[in-house]
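# what shape does this take:
(chains A and B, ligands or ions: 1)
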Amino acid sequence: MSDSNPALHHRPLFLLLLLAVLAGGLYLGWQQFAPPAPPRLSDQVTRLPQPRPIADFALIDHHERPFTLARFQGQWSFVFFGYTHCPDVCPTAMLDLKRTLEAVAAAEPAVEPPQVVFVTADPERDTPAQLARFVPYFNPDFIGVTGPQDQLDQLSSQLSSLAVKVPNPDNPDNYLVDHTASILLLNPDGRLEAIFTSPHNPDTMAADYRELARYFKESS
Amino acid sequence: MKSLLHSLVLLCLLAPVAAVQADQLRVEDPWVRAGPPTARVMAGYMTLYNSGAREREIVRVTSPAFARVELHLSRIEDGMARMIPQEALRVPAGGRLELTPGGYHLMLFDPLAPLQPGDPVELSLHDAAGQVLNVRATVRLPGGRDADHTHHHHD
Ligand SMILES: [Cu+2]
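Residues are numbered from 1 along each chain as shown, chains lettered A, B, ... in the order given. The predicted structure follows:
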């Protein structure tokens, strides 16, 4: 083909442009009705195929205010089961959650921040006053929750979490508690949305949370 | 001359003990995790290096800052976080043992006074042969900005 005749070039170029504009329009139109892109998640998180509803419960927070299912509704919640006489795993999880919230807040575009709820696996020692000495140390907005054993059992079993008291024969007052290491994420409907397995990486958790929050908002 | 001889004799008497303690077992970056001022339990971490030809066993740790110290291992088994009391912390010959969050740690019960970040904590590591290694740990938070300033060597 010769470059000497401009007409031979301009006609196909015009058609090509027209096609591109049409395709672009079609794509934009299709996007309006297409479902939002599914969340892209790390392998540290398991998203439930169907968010799991939770039956109501009657617990109490570290301000001695009632803590019921309603407190999980209307906002996202990270939930961790632990105990304040735990010097290693629990402070690590709380610090990871503090850093996750900082990473969520630092990234663009803005998403709504989650609340963090520390539910005791050791109600015998974790009174509201004891929780008040431990939980807000990590972040003044974090909430500590305790209450009757049967109500705690009811909530933890619904969140697939376990706590087992382990006697310490040499040191009976300082018994240990085995507890589920995962951090749970409840969506603003108050349903279990996802489980973050240990070890936790705050940056990854923040990215996963942002994806889940974005998807939830776009699909509701 | 007499005093020099005296010193030499003393040195020869002391040297073997000092050599065993100092040259073979060494601790790096000992620290205690900062926690709420009212914490009844805290955790201590460090890396133990053994340049000797035989395994060293830390069987007991004492501290003037705590009523009681236990040796623990944190482990995740089937999704459960558990702490397992240990009889001893074993540092292999020519190797090392890391005490680190989520792994081996010193479980420090009942601080005699509240501890703040930056405070020193004296720890005495007793080995199976009755030798003692004294270590000064620093209270701090794990990771992050404040971690880099506290690098201590104890020989
Ligand atoms: Cu422990």
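# show me where chain A has its helices.
In chain A, the helices defined using DSSP state H lie at A:7-33, A:89-106, A:128-138, A:149-158, A:202-219.
# let's have those in a markdown table, adding mean neighbour count.
The way it works is simple: take the backbone N, C-alpha and C, and place the C-beta from them, glycine included. Output for the helices of chain A, formatted as a markdown table (neighbours: other C-beta atoms under 10 Å in any protein chain shown):
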| stretch | mean neighbour count |
| --- | --- |
| helix A:7-33 | 9 |
| helix A:89-106 | 21 |
| helix A:128-138 | 20 |
| helix A:149-158 | 16 |
| helix A:202-219 | 18 |
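# does any bit of stretch B:90-108 sit next to chain A?
Yes - Stretch B:90-108 reaches chain A (C-beta under 8 Å from any C-beta of the partner chain) through B:101-102, B:105, B:107-108.
# what's the pLDDT at residue 26?
Since you didn't name a chain, this refers to chain A. Reported pLDDT at residue A:26 in the predicted model: 74.
# could you do chain B instead?
At residue B:26, the predicted lDDT confidence score is 94.
# re earlier: show me the residues of stretch B:90-108 next to chain A that map onto helices.
Using DSSP H to define helices, no part of the residues of stretch B:90-108 next to chain A is located there.
# farthest pair within these?
When the residues of stretch B:90-108 next to chain A are compared pair by pair using C-beta to C-beta, the farthest-apart members prove to be B:102 and B:108, with a separation of 16.7 Å.
# and those two? Which one has more around it.
A side-by-side neighbour count of residue B:102 and residue B:108, using other C-beta atoms under 10 Å in any protein chain shown, places residue B:108 first with 27 against 17.
# tell me what the more buried one is bridged to.
Each beta-bridge partner of residue B:108 is listed here, defined by DSSP bridges: residue B:42, residue B:69.
# which residues of chain B fall in strands?
Counting by DSSP state E, chain B forms strands over residues B:25-33, B:41-50, B:56-62, B:66-77, B:80-85, B:89-91, B:96-99, B:104-111, B:120-127, B:132-140, B:153-154, given from the N-terminal end onward.
# could you redo those strands as JSON lines and give each row distance to the ion?
Putting those into JSON lines (distance: least, C-beta to the ion, whole Å) gives the following:
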{"stretch": "strand B:25-33", "distance to the ion": "11"}
{"stretch": "strand B:41-50", "distance to the ion": "6"}
{"stretch": "strand B:56-62", "distance to the ion": "12"}
{"stretch": "strand B:66-77", "distance to the ion": "3"}
{"stretch": "strand B:80-85", "distance to the ion": "4"}
{"stretch": "strand B:89-91", "distance to the ion": "13"}
{"stretch": "strand B:96-99", "distance to the ion": "11"}
{"stretch": "strand B:104-111", "distance to the ion": "4"}
{"stretch": "strand B:120-127", "distance to the ion": "15"}
{"stretch": "strand B:132-140", "distance to the ion": "16"}
{"stretch": "strand B:153-154", "distance to the ion": "23"}
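# output the ones you listed in TSV; the columns should cover distance to residue A:154.
Formatted as TSV, those follow (distance: least, C-beta to C-beta, whole Å):
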stretch	distance to residue A:154
strand B:25-33	33
strand B:41-50	28
strand B:56-62	41
strand B:66-77	25
strand B:80-85	19
strand B:89-91	40
strand B:96-99	38
strand B:104-111	31
strand B:120-127	41
strand B:132-140	39
strand B:153-154	50
